[in-house]
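> how does the following fold in three dimensions:
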Amino acid sequence: MDEFNDKVALITGASGNVGSALARSFRKAGAKLALVDRHVDLLEEAFPDLVKVPECFLTSCADLTVKDDVDGVVADVFRHFGRIDVLVHTVGGFRAGTPLHETKLATLDFMLNLNAKTVFITNQAVIGTMMQQGSGKIINLAARAGLQGRANMAAYSASKAAVIRLTESAAAEVKAHGINVNCILPGTIDTPQNRQAMPDADFSRWVAPESLADVVLFLASEAARDIHGAAVPVYGRS
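Model prediction:
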């Protein structure tokens with residue numbers, strides 16, 4: 001695939017299971033990479049072969065809940081490459097296990113900040129650049145729980161529902177500028193952490209990070225030019 005030659009893909013949470021699979025897939029497809037993580041040493045450990053590659057830019061540390069941090073990273077990426085063609089936002093987290101009336105307010109704040117606020121800030125940071133280019137692709141990581149509230153995960157479900165609504169709103173606002181904004185809804189992802197947490201599960205039913213990467217590359221491609229504001233389920237058999 002040579003469609004991504006000379007395209008710049010900015011990936012948040014790049015040292016994580018999903019982020020690293022995305023980085024490898026975009027690089028294989030010819031893209032230049034801007035990799036973002038809160039700790040730059042994690043990026044260097046995850047991608048030792050890319051540290052000194054001119055087509056790959058490992059950014060400085062960034063807290064994606066802080067607008068100034070994100071704006072600074074985006075400015076650095078733009079100075080390095082002169083454009084940003086794709087944003088894939090993978091940063092997020094999960095806290096659940098208590099009913100709403102027993103859930104601490106701090107848990108709600110944490111989930112909304114990590115899962116929703118980071119989407120708002122990162123999308124906002126790149127849209128201006130993409131509008132000037134007249135093109136761009138944004139793919140956010142939501143979750144199946146964002147479609148319907150479930151017992152004992154009110155804060156998590158609400159935060160992922162917010163990701164879907166933010167995606168839809170942004171898509172409606174920028175589609176006339178040649179920008180596509182969509183999100184994916186993974187099922188249970190096959191990661192070492194999930195295997196450790198659920199050792200008796202059938203791992204073959206889960207979604208591999210590489211499978212998610214395939215869907216994201218499609219949404220970032222010209223083939224998805226008419227898809228705006230979609231929440232694409234990638235459930236595997238989970």
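> beta-bridge partners for Pro186, please?
Val234 (DSSP bridges).
> now for it, how many residues are close by?
Neighbours of Pro186 under the rule other CB atoms under 10 Å: 22. Placement of C-beta: from N, CA and C, glycine included.
> now do the same contact list for it.
By CB atoms under 8 Å, 6 or more residues apart in numbering, the residues touching Pro186 are Val18, Leu141, Ala143, Arg144, Val207, Leu212, Val234, Tyr235.
> using CSV, lay out these together with secondary structure and distance to Pro48.
CSV is the format used below for the contacts of Pro186 (DSSP: H, G, I helix; E, B strand; the rest coil; distance: CB to CB, whole Å):
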residue, secondary structure, distance to Pro48
Val18, helix, 19
Leu141, strand, 25
Ala143, coil, 31
Arg144, helix, 34
Val207, strand, 27
Leu212, helix, 23
Val234, strand, 29
Tyr235, coil, 33
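> report the buried members of those residues.
Val18, Leu141, Ala143, Arg144, Val207, Leu212, Val234 (16 or more other CB atoms under 10 Å).
> what would those residues look like in JSON lines with pLDDT and distance to Val73?
Output for the buried ones among the contacts of Pro186, formatted as JSON lines (pLDDT from 0 to 100; distance: CB to CB, whole Å):
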{"residue": "Val18", "pLDDT": "95", "distance to Val73": "19"}
{"residue": "Leu141", "pLDDT": "97", "distance to Val73": "18"}
{"residue": "Ala143", "pLDDT": "95", "distance to Val73": "24"}
{"residue": "Arg144", "pLDDT": "94", "distance to Val73": "29"}
{"residue": "Val207", "pLDDT": "93", "distance to Val73": "28"}
{"residue": "Leu212", "pLDDT": "97", "distance to Val73": "23"}
{"residue": "Val234", "pLDDT": "97", "distance to Val73": "27"}
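> dump those to TSV, plus distance to Gly178.
Below are the buried ones among the contacts of Pro186 laid out as TSV (distance: CB to CB, whole Å):
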residue	distance to Gly178
Val18	26
Leu141	23
Ala143	28
Arg144	30
Val207	30
Leu212	25
Val234	25
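> greatest separation within those: which pair is it?
Pairwise distances among the buried ones among the contacts of Pro186 were taken by CB to CB; the largest, 14.9 Å, belongs to Val18 and Arg144.
> ok so, going back, from the contacts of Pro186, which is closest to Ala125?
Closest to Ala125, out of all of the contacts of Pro186 and judged by CB to CB, is Leu141, at 16.5 Å.
> about what we covered before: return the member of the contacts of Pro186 nearest to Gly187.
Closest approach to Gly187 among the contacts of Pro186 (CB to CB): Tyr235, at 3.6 Å.
> count of neighbours near the nearest residue to Gly134 once chain neighbours are set aside?
Leaving aside its chain neighbours, Gly134 sits nearest to Gly178 (4.7 Å; criterion: CB to CB, 6 or more residues apart in numbering). For Gly178, the count of nearby residues is 14 (other CB under 10 Å).
> quick one: low-confidence parts of the protein?
By pLDDT under 70, the weakly predicted segments of the chain are 1.
> would you map the helices across it?
Taking DSSP state H as the test, the helices found in the chain are 17-28, 40-46, 67-81, 105-111, 118-133, 154-174, 192-197, 209-219.
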